[in-house]
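What would the 3D arrangement of this be:
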Amino acid sequence: MAGSAFDMNRAEETAQSPKRLAIVDAATKLFLSQGFGAVSVDAIAAKAQVSKPTVYSHFENKEALFSGVMTGVCERAGGQEACPLANEEAARYMPMNELLQKTGEHVLGVITSPEAIEIFRVVIGEAERFPQLGRNFFEFGPASILEMIGGYISKKSNSGELVVDDPAKAAHYLVGMMVFPVQMGLACGARDPVSKDEISEIVADALKTFMKIYAPR
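Predicted structure coming up:
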């Protein structure tokens with residue numbers, strides 16, 4: 001156990017090292033302004049004022065660096081609070097509707113942040129030329145959210161609080177009802193930024209529809 005704790009502490013120190021943070025900051029600015037394909041590791045190293053080997057000492061390749069950028073964007077958009085559903089105590093004791101409402105607000109707040117929308121645009125624009133980039137983005141964001149919510153729905157179905165034959169499909173419905181009203185419009189520049197009040201309303205409306213379908217009769 002002592003070795004595991006030591007390894008975790010080393011990993012955390014590495015993640016917070018000034019050079020790593022400088023690399024991620026430089027990559028974020030370059031990726032968002034120029035796209036993924038147009039940016040070289042040399043350019044990132046120069047902007048971060050580190051050597052190219054230093055970049056590779058922190059990130060295996062450019063795709064891994066982009067994943068680091070996505071992590072930073074989500075952390076900044078989410079603030080200090082973790083996703084409520086990822087909190088074991090909250091997931092166990094908080095009333096289902098309240099937990100799903102808070103989780104939906106957190107998720108929607110993250111993915112509609114200006115930086116997250118810019119990341120989404122970069123991925124969509126580069127996915128054909130760099131398919132691994134698209135796969136990484138999907139696994140990092142949508143897939144992890146759907147898995148987390150689907151797992152919770154499955155537990156609530158097993159306990160009788162919901163009646164769900166396919167928890168994964170139900171999670172897709174719920175997340176889709178939250179995301180669709182705003183993400184595409186923001187990505188296309190077809191609407192104004194979303195407010196916290198609007199996010200709360202969108203999530204509440206989605207949950208009302210969700211409960212009409214899956215609440216016990």
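
Could you tell me the model confidence score at the nearest residue to Val110 once chain neighbours are set aside?
In space, and not counting its chain neighbours, Val110 is closest to Ala77: 4.3 Å by C-beta to C-beta, 6 or more residues apart in numbering. Quick note: C-beta positions are derived from backbone N, CA and C, even for glycine. For Ala77, the model assigns a pLDDT of 78.

Ala77 reaches Ser113, doesn't it?
Yes. Taking contact to mean C-beta atoms under 8 Å, the distance of 3.7 Å between Ala77 and Ser113 places them in contact.

what does stretch 207-217 contact?
Contacts with stretch 207-217, where a contact means C-beta atoms under 8 Å, 6 or more residues apart in numbering, come from 97, 100-101, 104, 153, 157, 160-164, 170, 173-174, 177.

Which members of those residues are classed as buried?
Buried positions within those, assessed by neighbour count (16 or more other C-beta atoms under 10 Å), are Leu100, Gln101, Gly104, Ile153, Ser157, Glu161, Leu162, Val164, Ala170, Tyr173, Leu174, Met177.

The first one is in what secondary structure piece?
Taking DSSP states H and E as the definition, one finds Leu100 inside helix 96-111.

For that helix, which residues meet the burial criterion?
By neighbour count, with 16+ other C-beta under 10 Å as the criterion, the buried positions of helix 96-111 are 96, 99-111.

pLDDT and distance to Glu139 added to those residues, as a markdown table?
A markdown table is the format used below for the buried residues of helix 96-111 (pLDDT from 0 to 100; distance: C-beta to C-beta, whole Å):
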| residue | pLDDT | distance to Glu139 |
| --- | --- | --- |
| Met96 | 95 | 27 |
| Leu99 | 96 | 24 |
| Leu100 | 96 | 23 |
| Gln101 | 97 | 26 |
| Lys102 | 95 | 24 |
| Thr103 | 95 | 19 |
| Gly104 | 96 | 21 |
| Glu105 | 95 | 23 |
| His106 | 93 | 19 |
| Val107 | 93 | 16 |
| Leu108 | 94 | 20 |
| Gly109 | 92 | 21 |
| Val110 | 91 | 16 |
| Ile111 | 92 | 15 |
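
and these, which two are the farthest apart?
Using C-beta to C-beta, these reach their maximum pairwise distance at Met96 and Ile111, which is 22.2 Å.

just for the protein, where's the confidence low?
Across the chain, the ranges flagged by pLDDT under 70 are 1-15, 79-81.

which residues in it form helices?
2-15, 18-34, 41-48, 52-58, 62-78, 88-93, 96-111, 114-126, 131-138, 144-158, 167-179, 183-187, 196-214 (DSSP state H).

Tell me which of the ones you listed sits most buried.
Comparing the helices of the chain by mean neighbour count (mean count of other C-beta atoms under 10 Å), helix 96-111 ranks first with a mean of 20.

Output the contacting helices and strands for that one.
helix 62-78, helix 88-93, helix 114-126, helix 144-158, helix 167-179, helix 196-214 (3 or more C-beta pairs under 8 Å, 6 or more residues apart in numbering; DSSP states H and E).
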